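A.B. asks: Sequence first, predicted model second:
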Amino acid sequence: MKYTQELCPVIKKEQLNRTTFSFTVASETAVQNMKPGQFANILVEGKTLRRPISICGFSREEGTIRFVFEIRGEGTQILSEMSEGQRMDILAPLGNGFDIDPAEKAVFVGGGIGVPPLLGASAPYGENATVLLGFRSKEAVILADEFRGNGADVRIATDDGSLGHHGFVTQLLAARLDEAPCDVIYACGPKPMLRLTAAEAEKRGIRCMVSLEERMGCGIGACLVCACKTRTSDGGEKYLHVCKNGPVFDSREVIWE
Ligand code: FES
């Protein structure tokens, strides 16, 4: 794993909804080896532990990395209060990321704050991507227009029915797969959504990659906080690190508990 620690100036800050922020930072080194689906461990002023934040997108040509995150506690609250011009201390890129092949027909399934990493992953697919997004309500919807701007067929589900399909994003997945097959499914979001996505993919014999979210400490495989139980090819079980071996796993490997 080739990562660097870098002090990255914030060059653009946007508030996407009441609790979700987008930060674009300038990067010279970390951006060089980056893949969609990886994450950064970001230092929060006054805290010892860094916070893992997924990479929403990056541009090697422009030397920029974009993070979109939700305020979930004190750490992300402090991060959200950073201003343009301040420097973000990041350790990146971490984790394995998505292997992408834009010639394939891909379906992306995102739930809530699991949506941002799918923006960068789906962009190269253009019209070959169907993007299914699930949110609590219309007010919680983020990035939908940006997915559309990349050429994707975007469909939305909300828990309260205030926008799009009233229900689960996995119901949109079943409907989309009934319409036409796809080569691969990429998913990021809450565990119940990932488990149902994995089951749908398995039922239909479609390759499925899931990005897991776990509590993290070091982010580099040294502290064992982020263990996840997986299946080995000979039918056994073993624990892997979400931070180092993931966060992206083949869904058939994951033991859902
Ligand atoms: Fe420390 Fe994964 S966060 S081993």
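C.D. replies: Noted; the coordinates are in hand.
A.B. asks: First-to-last residue distance for stretch 33-40?
C.D. replies: Chord length of stretch 33-40, first to last residue, is 12 Å (CA to CA, to the nearest Å).
A.B. asks: pLDDT (mean, whole number) over that stretch?
C.D. replies: Mean pLDDT, stretch 33-40: 96.
A.B. asks: in that stretch, what's buried?
C.D. replies: 34, 35, 36, 37, 38, 39, 40 (16 or more other CB atoms under 10 Å). Every residue, glycine included, has its C-beta placed from N, CA and C.
A.B. asks: who's in contact with residue 137?
C.D. replies: 158, 159, 160, 162, 163 (CB atoms under 8 Å, 6 or more residues apart in numbering).
A.B. asks: Out of those residues, which end up buried?
C.D. replies: In the contacts of residue 137, the ones that pass as buried (16+ other CB under 10 Å) are 158, 163.
A.B. asks: export the contacts of residue 137 to JSON lines and tack on pLDDT and secondary structure?
C.D. replies: JSON lines is the format used below for the contacts of residue 137 (pLDDT from 0 to 100; DSSP: H, G, I helix; E, B strand; the rest coil):
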{"residue": "158", "pLDDT": "98", "secondary structure": "strand"}
{"residue": "159", "pLDDT": "97", "secondary structure": "coil"}
{"residue": "160", "pLDDT": "97", "secondary structure": "coil"}
{"residue": "162", "pLDDT": "98", "secondary structure": "coil"}
{"residue": "163", "pLDDT": "97", "secondary structure": "coil"}
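A.B. asks: and which of the contacts of residue 137 is nearest residue 223?
C.D. replies: For those, the residue nearest residue 223 by CB to CB is residue 159; the value is 34.3 Å.
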